[in-house]
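A predicted structure for the sequence below; I have some questions about it.
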Amino acid sequence: MIIFIVSLLVILMLIAAISACVFKDLLGAVIASCMVSLIAAVLFFMLQAPDVAMAEAAIGAALSTAVFVIAIIRTKRHEE
Amino acid sequence: MRIIVSILLLVVIILGITLALIAIPFGESIGQIGEHYIENGIKETGAANVVTSVVLEYRGFDTLGEVTILFIAAVGLGAVMATSKKSKDGRKNITPASLVVYTGCRFLFPLIILFGFYVFVHGHLSPGGGFQGGAVIASAFVLIYMACRGKRLSMVPARVMESVGGLVFIIVGLIGLGIGGQFLSNHLPLGVPNTLLSAGIIPIIYIAIGFKVGSELTGVIDNLIEESE
(Lines give C-alpha, C1' and ligand atoms only; values in the text may rest on other atoms or scores of the structure.)
Protein backbone atom coordinates (compact mmCIF):
# COMPACT_ATOMS: atom_id res chain seq x y z
CA MET A 1 0.00 0.00 0.00
CA ILE A 2 2.67 2.48 1.05
CA ILE A 3 4.78 1.66 -1.98
CA PHE A 4 1.75 2.34 -4.18
CA ILE A 5 1.23 5.79 -2.66
CA VAL A 6 4.92 6.60 -2.94
CA SER A 7 5.05 5.53 -6.60
CA LEU A 8 1.95 7.59 -7.35
CA LEU A 9 3.48 10.65 -5.70
CA VAL A 10 6.79 10.20 -7.51
CA ILE A 11 5.02 9.84 -10.86
CA LEU A 12 2.98 12.97 -10.15
CA MET A 13 6.17 14.78 -9.20
CA LEU A 14 7.84 13.71 -12.44
CA ILE A 15 4.84 14.89 -14.45
CA ALA A 16 4.90 18.23 -12.63
CA ALA A 17 8.64 18.63 -13.17
CA ILE A 18 8.41 17.83 -16.88
CA SER A 19 5.49 20.20 -17.35
CA ALA A 20 7.40 22.93 -15.52
CA CYS A 21 10.06 22.52 -18.20
CA VAL A 22 7.78 22.44 -21.25
CA PHE A 23 5.07 24.96 -20.35
CA LYS A 24 5.16 28.13 -22.45
CA ASP A 25 2.99 29.93 -19.90
CA LEU A 26 5.53 30.81 -17.22
CA LEU A 27 2.90 31.21 -14.51
CA GLY A 28 1.81 27.64 -15.13
CA ALA A 29 5.43 26.52 -15.01
CA VAL A 30 5.90 28.23 -11.64
CA ILE A 31 2.81 26.54 -10.25
CA ALA A 32 4.07 23.20 -11.56
CA SER A 33 7.41 23.69 -9.82
CA CYS A 34 5.51 24.64 -6.67
CA MET A 35 3.74 21.29 -6.99
CA VAL A 36 7.11 19.53 -7.24
CA SER A 37 8.09 21.15 -3.93
CA LEU A 38 4.82 20.22 -2.26
CA ILE A 39 5.08 16.57 -3.30
CA ALA A 40 8.71 16.55 -2.20
CA ALA A 41 7.54 17.83 1.18
CA VAL A 42 5.02 14.98 1.45
CA LEU A 43 7.73 12.48 0.49
CA PHE A 44 10.10 13.92 3.10
CA PHE A 45 7.35 13.54 5.66
CA MET A 46 6.83 9.91 4.65
CA LEU A 47 10.58 9.37 5.02
CA GLN A 48 10.15 10.52 8.64
CA ALA A 49 11.95 13.83 8.13
CA PRO A 50 9.30 16.33 9.26
CA ASP A 51 11.88 19.08 9.81
CA VAL A 52 12.98 18.98 6.18
CA ALA A 53 9.37 18.63 5.04
CA MET A 54 8.45 21.82 6.89
CA ALA A 55 11.35 23.74 5.38
CA GLU A 56 10.55 22.42 1.91
CA ALA A 57 6.88 23.35 2.19
CA ALA A 58 7.54 26.83 3.55
CA ILE A 59 10.50 27.81 1.38
CA GLY A 60 10.08 25.68 -1.74
CA ALA A 61 6.33 25.92 -2.11
CA ALA A 62 5.48 29.31 -0.63
CA LEU A 63 8.40 31.72 -0.70
CA SER A 64 10.18 30.72 -3.91
CA THR A 65 6.84 30.62 -5.73
CA ALA A 66 6.16 34.15 -4.50
CA VAL A 67 9.58 35.30 -5.71
CA PHE A 68 9.00 33.74 -9.15
CA VAL A 69 5.54 35.25 -9.43
CA ILE A 70 6.94 38.69 -8.59
CA ALA A 71 9.57 38.16 -11.27
CA ILE A 72 6.83 37.28 -13.79
CA ILE A 73 4.91 40.43 -12.86
CA ARG A 74 7.99 42.44 -13.67
CA THR A 75 8.76 40.69 -16.96
CA LYS A 76 6.58 38.76 -19.39
CA ARG A 77 4.15 35.95 -18.75
CA HIS A 78 4.65 33.99 -21.94
CA GLU A 79 7.82 32.49 -23.25
CA GLU A 80 8.53 33.03 -26.94
CA MET B 1 23.83 12.38 -35.47
CA ARG B 2 23.94 14.75 -32.52
CA ILE B 3 20.42 13.74 -31.55
CA ILE B 4 21.33 10.06 -31.53
CA VAL B 5 24.41 10.75 -29.42
CA SER B 6 22.47 12.83 -26.94
CA ILE B 7 19.71 10.22 -26.67
CA LEU B 8 22.33 7.55 -26.06
CA LEU B 9 23.95 9.72 -23.41
CA LEU B 10 20.59 10.32 -21.78
CA VAL B 11 19.81 6.59 -21.70
CA VAL B 12 23.20 5.85 -20.15
CA ILE B 13 22.71 8.54 -17.49
CA ILE B 14 19.18 7.35 -16.67
CA LEU B 15 20.37 3.75 -16.42
CA GLY B 16 23.25 4.74 -14.18
CA ILE B 17 21.11 6.78 -11.82
CA THR B 18 18.44 4.08 -11.69
CA LEU B 19 20.97 1.33 -10.94
CA ALA B 20 22.59 3.51 -8.27
CA LEU B 21 19.27 4.34 -6.64
CA ILE B 22 17.97 0.74 -6.67
CA ALA B 23 20.82 -0.25 -4.37
CA ILE B 24 19.79 2.29 -1.71
CA PRO B 25 16.94 1.08 0.50
CA PHE B 26 14.09 3.61 0.62
CA GLY B 27 13.85 5.25 4.02
CA GLU B 28 16.35 3.13 5.91
CA SER B 29 19.44 4.53 7.52
CA ILE B 30 22.77 3.25 6.28
CA GLY B 31 25.10 5.52 8.23
CA GLN B 32 27.03 4.86 11.41
CA ILE B 33 27.22 8.22 13.19
CA GLY B 34 23.45 8.58 13.17
CA GLU B 35 23.20 5.74 15.68
CA HIS B 36 25.34 7.70 18.14
CA TYR B 37 23.17 10.80 17.79
CA ILE B 38 19.96 8.84 18.23
CA GLU B 39 21.21 6.97 21.29
CA ASN B 40 23.06 9.75 23.11
CA GLY B 41 21.47 12.91 21.71
CA ILE B 42 18.95 13.45 24.51
CA LYS B 43 21.47 12.63 27.22
CA GLU B 44 24.21 14.90 25.89
CA THR B 45 22.18 17.90 24.80
CA GLY B 46 18.83 17.66 26.58
CA ALA B 47 16.92 18.31 23.34
CA ALA B 48 14.14 15.84 22.65
CA ASN B 49 14.32 16.57 18.90
CA VAL B 50 17.42 14.79 17.66
CA VAL B 51 17.62 16.88 14.50
CA THR B 52 17.81 20.05 16.57
CA SER B 53 20.54 18.59 18.76
CA VAL B 54 22.56 17.84 15.63
CA VAL B 55 21.88 21.19 13.96
CA LEU B 56 22.62 23.41 16.94
CA GLU B 57 24.84 21.31 19.17
CA TYR B 58 27.00 18.85 17.27
CA ARG B 59 27.05 20.98 14.12
CA GLY B 60 26.35 24.42 15.55
CA PHE B 61 29.16 26.12 13.69
CA ASP B 62 27.73 25.00 10.34
CA THR B 63 24.44 26.59 11.32
CA LEU B 64 26.21 29.87 11.93
CA GLY B 65 27.58 29.54 8.39
CA GLU B 66 24.09 28.92 7.00
CA VAL B 67 22.71 31.95 8.79
CA THR B 68 25.59 34.01 7.42
CA ILE B 69 24.90 32.82 3.87
CA LEU B 70 21.26 33.86 4.17
CA PHE B 71 22.32 37.21 5.63
CA ILE B 72 24.76 37.88 2.79
CA ALA B 73 22.14 36.94 0.20
CA ALA B 74 19.59 39.31 1.77
CA VAL B 75 22.13 42.13 2.06
CA GLY B 76 23.23 41.63 -1.55
CA LEU B 77 19.64 41.73 -2.78
CA GLY B 78 19.00 44.85 -0.74
CA ALA B 79 22.12 46.49 -2.18
CA VAL B 80 21.07 45.69 -5.76
CA MET B 81 17.48 46.79 -5.25
CA ALA B 82 18.33 49.91 -3.24
CA THR B 83 19.40 51.85 -6.32
CA SER B 84 15.93 52.64 -7.63
CA LYS B 85 14.04 52.77 -4.36
CA LYS B 86 11.92 55.34 -2.59
CA SER B 87 9.96 56.84 -5.44
CA LYS B 88 7.06 57.74 -3.08
CA ASP B 89 4.84 59.31 -5.71
CA GLY B 90 2.10 60.84 -3.60
CA ARG B 91 -0.05 58.77 -1.27
CA LYS B 92 0.42 55.08 -1.76
CA ASN B 93 -2.75 53.68 -3.22
CA ILE B 94 -3.66 50.47 -1.45
CA THR B 95 -6.02 48.31 -3.45
CA PRO B 96 -7.34 45.26 -1.63
CA ALA B 97 -7.66 42.07 -3.60
CA SER B 98 -11.04 40.40 -4.03
CA LEU B 99 -13.15 40.02 -0.89
CA VAL B 100 -12.50 36.30 -0.59
CA VAL B 101 -8.72 36.68 -0.76
CA TYR B 102 -8.73 39.68 1.56
CA THR B 103 -10.90 38.06 4.22
CA GLY B 104 -9.04 34.77 3.97
CA CYS B 105 -5.68 36.47 4.41
CA ARG B 106 -6.95 38.53 7.34
CA PHE B 107 -8.21 35.37 9.00
CA LEU B 108 -5.10 33.29 8.28
CA PHE B 109 -2.40 35.85 9.04
CA PRO B 110 -2.45 35.67 12.88
CA LEU B 111 -2.79 31.89 12.80
CA ILE B 112 0.24 31.50 10.53
CA ILE B 113 2.29 33.92 12.66
CA LEU B 114 1.32 31.97 15.77
CA PHE B 115 2.27 28.69 14.12
CA GLY B 116 5.63 30.12 13.07
CA PHE B 117 6.37 31.24 16.63
CA TYR B 118 5.26 27.84 17.94
CA VAL B 119 7.56 26.07 15.51
CA PHE B 120 10.70 27.92 16.52
CA VAL B 121 9.99 28.23 20.25
CA HIS B 122 9.43 24.47 20.40
CA GLY B 123 12.34 23.71 18.08
CA HIS B 124 14.05 21.52 20.66
CA LEU B 125 10.89 19.51 21.40
CA SER B 126 8.94 19.03 18.17
CA PRO B 127 9.84 18.98 14.48
CA GLY B 128 10.91 22.31 13.09
CA GLY B 129 13.15 25.06 14.30
CA GLY B 130 14.40 28.52 13.58
CA PHE B 131 14.66 28.23 9.82
CA GLN B 132 11.28 26.57 9.37
CA GLY B 133 9.50 28.93 11.75
CA GLY B 134 11.11 31.96 10.14
CA ALA B 135 10.06 30.80 6.68
CA VAL B 136 6.49 30.25 7.91
CA ILE B 137 6.40 33.78 9.35
CA ALA B 138 7.76 35.22 6.09
CA SER B 139 5.05 33.38 4.14
CA ALA B 140 2.46 35.07 6.36
CA PHE B 141 3.85 38.45 5.27
CA VAL B 142 3.64 37.30 1.65
CA LEU B 143 -0.09 36.83 2.30
CA ILE B 144 -0.35 40.48 3.41
CA TYR B 145 1.33 41.69 0.25
CA MET B 146 -0.98 39.44 -1.75
CA ALA B 147 -4.15 40.69 -0.05
CA CYS B 148 -3.36 44.43 -0.20
CA ARG B 149 -1.65 45.42 -3.40
CA GLY B 150 0.47 48.53 -2.87
CA LYS B 151 0.68 48.16 0.89
CA ARG B 152 4.11 48.91 2.35
CA LEU B 153 5.20 47.66 5.73
CA SER B 154 7.90 49.48 7.62
CA MET B 155 11.04 47.37 7.42
CA VAL B 156 12.85 49.12 10.29
CA PRO B 157 11.71 46.65 13.02
CA ALA B 158 12.62 43.77 10.72
CA ARG B 159 16.14 45.13 10.23
CA VAL B 160 16.56 45.65 13.99
CA MET B 161 15.34 42.10 14.70
CA GLU B 162 17.66 40.72 12.03
CA SER B 163 20.70 42.37 13.56
CA VAL B 164 19.74 41.50 17.13
CA GLY B 165 19.12 37.86 16.16
CA GLY B 166 22.54 37.51 14.56
CA LEU B 167 24.22 39.23 17.49
CA VAL B 168 22.49 36.98 20.04
CA PHE B 169 23.68 33.89 18.18
CA ILE B 170 27.29 35.05 18.13
CA ILE B 171 27.27 36.39 21.70
CA VAL B 172 25.85 33.14 23.07
CA GLY B 173 28.52 31.29 21.12
CA LEU B 174 31.26 33.53 22.51
CA ILE B 175 29.98 33.12 26.08
CA GLY B 176 30.19 29.37 25.46
CA LEU B 177 33.76 29.89 24.27
CA GLY B 178 34.58 31.73 27.49
CA ILE B 179 32.94 29.27 29.88
CA GLY B 180 33.15 25.89 28.19
CA GLY B 181 36.25 26.38 26.08
CA GLN B 182 34.44 25.75 22.78
CA PHE B 183 32.49 28.06 20.52
CA LEU B 184 28.76 27.40 21.15
CA SER B 185 29.39 24.95 23.99
CA ASN B 186 26.26 24.37 26.04
CA HIS B 187 26.94 26.35 29.21
CA LEU B 188 23.41 26.54 30.63
CA PRO B 189 21.84 23.74 32.71
CA LEU B 190 20.28 21.08 30.52
CA GLY B 191 17.11 20.74 32.59
CA VAL B 192 14.58 17.95 32.23
CA PRO B 193 14.17 16.71 28.66
CA ASN B 194 10.74 17.19 27.02
CA THR B 195 10.01 20.43 28.87
CA LEU B 196 10.02 23.91 27.36
CA LEU B 197 12.88 25.18 29.53
CA SER B 198 15.40 22.50 28.72
CA ALA B 199 18.41 21.90 26.48
CA GLY B 200 20.41 24.90 27.70
CA ILE B 201 21.27 27.37 24.96
CA ILE B 202 19.35 25.63 22.17
CA PRO B 203 15.99 27.44 22.66
CA ILE B 204 17.74 30.82 22.94
CA ILE B 205 19.63 30.31 19.70
CA TYR B 206 16.60 28.94 17.88
CA ILE B 207 14.44 31.90 18.92
CA ALA B 208 17.19 34.25 17.72
CA ILE B 209 17.45 32.36 14.40
CA GLY B 210 13.67 32.37 14.04
CA PHE B 211 13.43 36.14 14.36
CA LYS B 212 16.44 36.61 12.12
CA VAL B 213 15.30 34.32 9.31
CA GLY B 214 11.71 35.57 9.45
CA SER B 215 12.67 39.21 9.20
CA GLU B 216 15.32 38.49 6.58
CA LEU B 217 12.99 36.61 4.25
CA THR B 218 10.28 39.22 4.77
CA GLY B 219 12.83 41.87 3.83
CA VAL B 220 13.71 39.94 0.66
CA ILE B 221 10.06 39.75 -0.40
CA ASP B 222 9.57 43.42 0.49
CA ASN B 223 12.58 44.45 -1.57
CA LEU B 224 11.34 42.53 -4.60
CA ILE B 225 7.77 43.82 -4.37
CA GLU B 226 8.94 47.39 -3.89
CA GLU B 227 10.95 47.06 -7.05
CA SER B 228 8.07 45.57 -9.02
CA GLU B 229 5.73 48.54 -8.69
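Done, it's in.

Chain B contacts on chain A?
A:6, A:46-48, A:50-51, A:53-55, A:58-59, A:62-63, A:66-67, A:70-71, A:73-74 (C-beta under 8 Å from any C-beta of the partner chain). Bear in mind the C-beta positions are built from the backbone N, C-alpha and C, glycine included.

Get me the contact residues on chain B for chain A.
Residues of chain B lying close to chain A by C-beta under 8 Å from any C-beta are B:26-27, B:49, B:51-52, B:119, B:127-129, B:131-132, B:135-136, B:138-139, B:142, B:146, B:217, B:220-221, B:224-225, B:227-228.

6 Å - rerun?
Contacts of chain B with chain A, taken as C-beta under 6 Å from any C-beta of the partner chain, map to B:27, B:51, B:127-128, B:131-132, B:135-136, B:138-139, B:142, B:224, B:228.

What subset of those residues is buried?
Among the residues of chain B next to chain A, those scoring as buried are B:51, B:127, B:128, B:131, B:132, B:135, B:136, B:138, B:139, B:142, B:224 (criterion: 16 or more other C-beta atoms under 10 Å in any protein chain shown).

now, which of those lie within helices?
B:51, B:131, B:132, B:135, B:136, B:138, B:139, B:142, B:224 (DSSP state H).

Report the contact partners of the closest residue to residue B:212 other than its chain neighbours.
Spatial nearest neighbour of residue B:212, excluding adjacent residues (C-beta to C-beta, 6 or more residues apart in numbering or on different chains): residue B:165 at 3.0 Å. Shown in contact with residue B:165 (C-beta atoms under 6 Å, 6 or more residues apart in numbering or on different chains): B:208, B:211, B:212.

would residue B:165 count as being in a helix?
Yes. Judged by DSSP: H, G, I helix; E, B strand; the rest coil, residue B:165 forms part of a helix.

From residue A:28, how far out is the closest residue to residue B:221 other than its chain neighbours?
Using C-beta to C-beta, 6+ apart and skipping residues adjacent in sequence, the residue nearest residue B:221 is residue B:142, 5.7 Å away. Distance, residue B:142 to residue A:28, by C-beta to C-beta, to the nearest Å: 20 Å.

Columns secondary structure on top of the contacts of residue B:165, output as TSV?
TSV is the format used below for the contacts of residue B:165 (three-state DSSP):
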residue	secondary structure
B:208	helix
B:211	helix
B:212	helix
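
my read: residue A:50 touches residue B:127, true?
Yes. Assessed by C-beta atoms under 6 Å, residue A:50 is found in contact with residue B:127 at 3.6 Å.

returning to what we had before: wouldn't the residue nearest to residue B:221 be in contact with residue A:65 here?
No. Counting by C-beta under 6 Å, residue B:142 stays clear of residue A:65, with 9.0 Å between them.

What residues sit buried inside the helix or strand harbouring residue A:4?
Using DSSP states H and E, residue A:4 sits in helix A:2-22. Within helix A:2-22, the residues that count as buried by 16+ other C-beta under 10 Å are A:6, A:9, A:13, A:16, A:19, A:20.

Also stretch B:32-42?
Neighbour counts over stretch B:32-42 (16+ other C-beta under 10 Å) mark B:37, B:41, B:42 as buried.

pLDDT on it, on average?
Averaging pLDDT along stretch B:32-42 gives 78.

roughly how far is the strand or helix carrying residue B:65 from the heart of the chain?
Using DSSP H and E, residue B:65 maps to helix B:60-81. Per C-alpha atoms, centre = their mean, to the nearest Å, the displacement of helix B:60-81 from the mean C-alpha position of its chain is 11 Å.

hmm, who's touching that helix?
B:55, B:184, B:216, B:219, B:220, B:223, B:227.

The helix or strand just after it: how far from the chain's middle?
On the C-terminal side of helix B:60-81, the closest following helix or strand by DSSP H and E is strand B:95-96. Counting by C-alpha atoms, centre = their mean, strand B:95-96 is centred 30 Å from the centre of its parent chain.

How about stretch B:132-148?
In terms of C-alpha atoms, centre = their mean, the centre of stretch B:132-148 is set 13 Å apart from its chain centre.
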